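Enquirer: following is a predicted model, sequence given first.
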Amino acid sequence: MSDADQPTETDGEFNPAAPNTGEEFEPVDVFPDSDDFDLRPGSDSCYKCSTCDTNCPVAEVDDEFPGPKFQGPEQWRLKQRDDEHEIDDSVMDCSNCMRCDNACPAGVPLSQMHNTARGEYVSEQMDTWSIEYWRNRILSNYRTSAWLASKLPRLANVVMNFGPARWVMEKTMGVTKEREFPAFATETFREWWARQGGADASRQRARANRERRGEPVDADKKVAYFHGCYSNYNTTEVGKAMVRVFEQFGYEVVVPKQKCSGTPMFANGMLDDARRHAEVNVSSMRDLVDQGYDAIASCTSCSMALRQEYPELFDIPGIDDVAANTFESLEYLRIHEDLRGELAEVEVDGELAEEFAYHAPCHARNQGLERQALELFRDVDGVGIEDVGESCSGISGTYGWKAEKYEKSMEIGEEMFEHMAEAEGETGMTECPTCAMQMEHGTGYDIRHPLELLEAALVDGDGL
Amino acid sequence: MAIESEVLVIGGGLAGLTSALSAARTGEDVRLVSYKQSTLRSASGLVDVLGYTPDGDGPLTDPFEAIPDLPETHPYRTVGIKAIRDGLDLFDDAVPHYHGGHTDRNALLPTHGGTIKPTARYPASASAGLASDTRDLLLVGLESMTEFDAPHAAAHLDAAGVPFDVRGVTIQFPGDLRADAKVTRYAKLLDTNGEVTVRGRDRPVREALAARVNTELDEEERVGFPAVLGDEHPGAVRADLADRLGADVFEVPMGPPSLPGLRLEDALFAALDEAGASIETGNPVVDFDGEDRIERVYIEKNGAEIPNTAEEYVLATGGLVGKGVQSDREGVYEPIFDCHVAHPADRYDWFENEVFGDHTFARFGVETDDDLRPLDGGGDVEFANLRAAGAVLGGYDLAAEKSGSGVSIATGYAAGHSAGQEAV
């Protein structure tokens, strides 16, 4: 009640049955309207049930980490009490999996609190001359490294996994040498997309498909694809599958100008970097949303960033419209098409006629998407799919790439590795590129994206 | 288009899960949506049917004997004894690691405060703690877990006149855990039997924990710990500790966050998955279309409203704590469908001055017809295809009666079953 007037007690005794708080006092108006990110209502909503703590994959293995309840509402309150209070450096051990958001029965915006605290820590307390700062900055600006590597992908693939170079990277930068760098595609998704004829050609293909499907040729079916960095530079097959599947359903696809979603930057408290990228993304998506496009992401962390982290952290014109019109790819088709009906008609054969060990990424959980792949594919002929449990994969983007976090990352992932080994399939499936890295790293399995299976099931072999 | 199912259940607590399971077992295409993770994470894991009468008589020996005398407005009277029994059968089938189904009578279990609680079903992990068991008992508390003061709890049990000797000791959990380590941290260490450092030596945690307890153990035949004994493999953790202690090992149910509650949640979701239902958590239902029937509901995701359609709907959103019933200075309301919630116009009539008084608010909730369909202020059915289950129902004080779980299971079963039949 520090911001409010104390209730006036007329007779010195508080009697709940007889209102004696004085006419001036209006307890529902304690919080003045505010345009900035006032986290106080969120902090006050926390009733300390600690459900968030039971969801934290880091607190489960890391004896140094005090957990989300401390990082969020408690730290926020400590900060209000004393101007001298600094953000606890353990905020950098949070992997930003955001599972605590999904846990909180009181709707406390935990990840927003973590992101703002981490941003403040990095900008005000972290030594910007430190190796850790630059290591984190380089890791979180993966797009820049990937862009460079894509210029000479074959060379990059060799150099980035060259043992002595990796040893030096670990010793000097703190980037673990235990992991294989992902392979860079020899042709980026955007290069491929341009070669296919871009948006104009997509419109033609979509119209032809609408006609084939018996839908109005001029149907208003258009989407803007947010491919993210990984589908562009590494797993281009995911981006291609997205295009083929959506066009198959009669959607025109455009691939607007875009930068990193900001996910790795949020996790490292690099909010200035994230904002720069977000401004580009929101600006190009906003115009398309105005024209009736919906934004579609194939990476659940990208869709998470556009939907939740952007409006929670930035004030950019059009940001709320973009958030409300952003969807994950399967989610969108589930809402707008009879996906189950179409899948009931087909049988998958060929390379993807497999048993899949499916892992739901933490960021998919937060959007309520953790079961969509399972529920879509479990009845499809020719394939099987099995959930490998609710544990976090442990890599959380850049977290598992840090030398000092590698062991913990693998300890968190152990439960998933065990369940993958127990599952019938020996091919993994997930929506998140870094979960895929971890799954492959821990089991050696090949990891596929649900869109690839959807493509195999629904798109004719000749496709594009 | 919309996301379609035949029966849509709103709410992921015990009532919602039971409804969905019951409807799915009638062969319907069922979808369960829950705003956040299940509230079972905050539940002790004990499943009560009726511990006390509304007048405070008890603990009751046999809840089924007392049910016919409950007020007519009580949800148990609405669904009847058979639905309660069928609901419990469904529960027993879905959650095989629970005990208590062999009898109608209440079991008596020690709580972490040292009181004795009458309950109808309890997890296997708690079974060696039964207060009706005459074997001597040692309670082991952990220094870092201040919410379980074992000597204090033991003294309470002793004062209650339990038929055995009981002692409580507090030990330091082996290893270098934080003072505020999460229950999941203890559970994970015990599940994996991870190494902890004790006096400079690395030892598996179960061995180290048993060694500490063994120095305190004095002929007792059973040992109770706070409920942190494993999440993935609780049976193996208990068996291993029991072996090392030469005594039965059990867990004392704790407050939130609760591992027994979490395990119950996992078991029920697994059963629902097995039954072929679809499940979505993380986003709230905020709106609906329909006049006499619900046509569709909308799930809000960051400003987007996703339509979901079904033939039949079950409202299992919880009570005042679960936010299925809400109040402000103007009144009390059900926030999704605005179903009628009867309440005194003057909000100072909603409660009594005594903390544990007979509060009117404790019975706030929707009133229904015999088929659990909410009624409007005039006594007519609000929507032909909407049923309500669990704490969103009015007419009973679950905290005072210790009937929360039982009402959720019985009304969840009845609402789900009826919705499933209707959807055919």
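Expert: Noted; the coordinates are in hand.
Enquirer: so for stretch B:336-354, mean pLDDT?
Expert: Averaged across stretch B:336-354, the pLDDT comes to 96.
Enquirer: close to chain A, is that stretch?
Expert: Yes - using Cβ under 8 Å from any Cβ of the partner chain, stretch B:336-354 reaches chain A at B:348, B:351, B:353. Backbone N, C-alpha and C define where each C-beta goes, glycine included.
Enquirer: could those residues be laid out in a markdown table, adding secondary structure, neighbour count and distance to residue A:193?
Expert: Compiled in a markdown table, these are given as follows (DSSP: H, G, I helix; E, B strand; the rest coil; neighbours: other Cβ atoms under 10 Å in any protein chain shown; distance: Cβ to Cβ, whole Å):
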| residue | secondary structure | neighbour count | distance to residue A:193 |
| --- | --- | --- | --- |
| B:348 | helix | 10 | 66 |
| B:351 | coil | 16 | 64 |
| B:353 | coil | 10 | 70 |
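Enquirer: neighbours around residue A:288, how many?
Expert: Applying other Cβ atoms under 10 Å in any protein chain shown, we find 18 residues neighbouring residue A:288.
Enquirer: how close does the nearest residue to it once chain neighbours are set aside get to residue B:27?
Expert: Nearest residue to residue A:288 in three dimensions, chain neighbours excluded: residue A:224, at 4.4 Å (Cβ to Cβ, 6 or more residues apart in numbering or on different chains). Look at residue A:224 and residue B:27: by Cβ to Cβ, to the nearest Å, they are 41 Å apart.
Enquirer: helices and strands around the longest helix along chain A, which ones?
Expert: Among the elements of chain A assigned as helix by DSSP state H, the one spanning the most residues is helix A:271-290. Applying 3 or more Cβ pairs under 8 Å, 6 or more residues apart in numbering or on different chains; DSSP states H and E, one finds that helix A:271-290 makes contact with helix A:110-124, strand A:222-226, helix A:263-267, strand A:294-297, helix A:310-313, helix A:319-324.
Enquirer: residues of it that come out buried?
Expert: Going by neighbour count (16 or more other Cβ atoms under 10 Å in any protein chain shown), the buried part of helix A:271-290 is A:271, A:273-275, A:277-279, A:281-286, A:288-289.
Enquirer: who's in contact with residue B:78?
Expert: If you count contacts by Cβ atoms under 8 Å, 6 or more residues apart in numbering or on different chains, residue B:78 has them with B:368, B:370, B:372, B:411.
Enquirer: which of the three states applies to it?
Expert: Under DSSP: H, G, I helix; E, B strand; the rest coil, residue B:78 falls in the helix class.
Enquirer: residue B:83: neighbour count?
Expert: By the criterion of other Cβ under 10 Å, residue B:83 has 23 neighbours.
Enquirer: so it sits right up against residue B:416, yeah?
Expert: No - Residue B:83 lies out of contact with residue B:416 (Cβ atoms under 8 Å); the separation is 10.7 Å.
Enquirer: residues in contact with the residue of the stretch 151-300 of chain A found nearest chain B?
Expert: Closest residue of the stretch 151-300 of chain A to chain B, Cβ to the nearest Cβ: residue A:294 (9.1 Å). Contact analysis of residue A:294 by Cβ under 8 Å, 6+ apart lists A:222, A:223, A:224, A:325, A:326, A:327, A:332.
Enquirer: next, the residue nearest to the first one when sequence neighbours are not counted: phi, psi?
Expert: Using Cβ to Cβ, 6+ apart and skipping residues adjacent in sequence, the residue nearest residue A:222 is residue A:252, 4.4 Å away. Main-chain dihedrals, residue A:252, degrees, to the nearest 10: phi -80, psi 130.
Enquirer: ok, residue B:288 next?
Expert: Residue B:288 adopts backbone torsions of phi -150, psi 160, taken as degrees, to the nearest 10.
Enquirer: how many other residues sit next to the closest residue to it other than its chain neighbours?
Expert: Nearest residue to residue B:288 in three dimensions, chain neighbours excluded: residue B:297, at 4.5 Å (Cβ to Cβ, 6+ apart). By the measure other Cβ under 10 Å, the count of residues near residue B:297 is 25.
Enquirer: where's residue B:297, which helix or strand?
Expert: strand B:296-301 (DSSP states H and E).
Enquirer: for residue B:139, same thing?
Expert: Residue B:139 belongs to strand B:137-142 when assigned by DSSP H and E.
Enquirer: related to what we said a few turns ago, which residues touch the residue nearest to residue B:288?
Expert: B:8, B:10, B:285, B:287, B:288, B:307, B:308, B:309, B:313, B:336.
Enquirer: circling back: send the alpha carbons of the strand holding residue B:297 over as PDB?
Expert: Extracted in PDB, the C-alpha atoms of strand B:296-301 (Å, rounded to 0.1, in the frame of the first residue of the first chain):
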ATOM      1  CA  ARG B 296     -18.700 -21.500 -30.200                       C
ATOM      2  CA  VAL B 297     -16.200 -20.200 -27.700                       C
ATOM      3  CA  TYR B 298     -13.200 -18.100 -28.200                       C
ATOM      4  CA  ILE B 299      -9.700 -18.800 -26.800                       C
ATOM      5  CA  GLU B 300      -7.600 -15.700 -26.500                       C
ATOM      6  CA  LYS B 301      -4.000 -15.700 -27.600                       C
END
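Enquirer: strands paired with that strand, and their directions?
Expert: strand B:285-289 (antiparallel), strand B:304-309 (antiparallel) (DSSP bridges).
Enquirer: buried set for that strand?
Expert: B:296, B:297, B:298, B:299, B:301.
Enquirer: deepest of the helices and strands packed on helix A:271-290, which one?
Expert: Using mean count of other Cβ atoms under 10 Å in any protein chain shown, the stretch among the helices and strands packed on helix A:271-290 with the largest mean neighbour count is helix A:263-267, at a mean of 29.
Enquirer: and it, what does it pack against?
Expert: Helices and strands touching helix A:263-267, as assessed by 3+ Cβ pairs under 8 Å, 6+ apart, comprise helix A:110-124, helix A:131-140, helix A:271-290, helix A:300-304.
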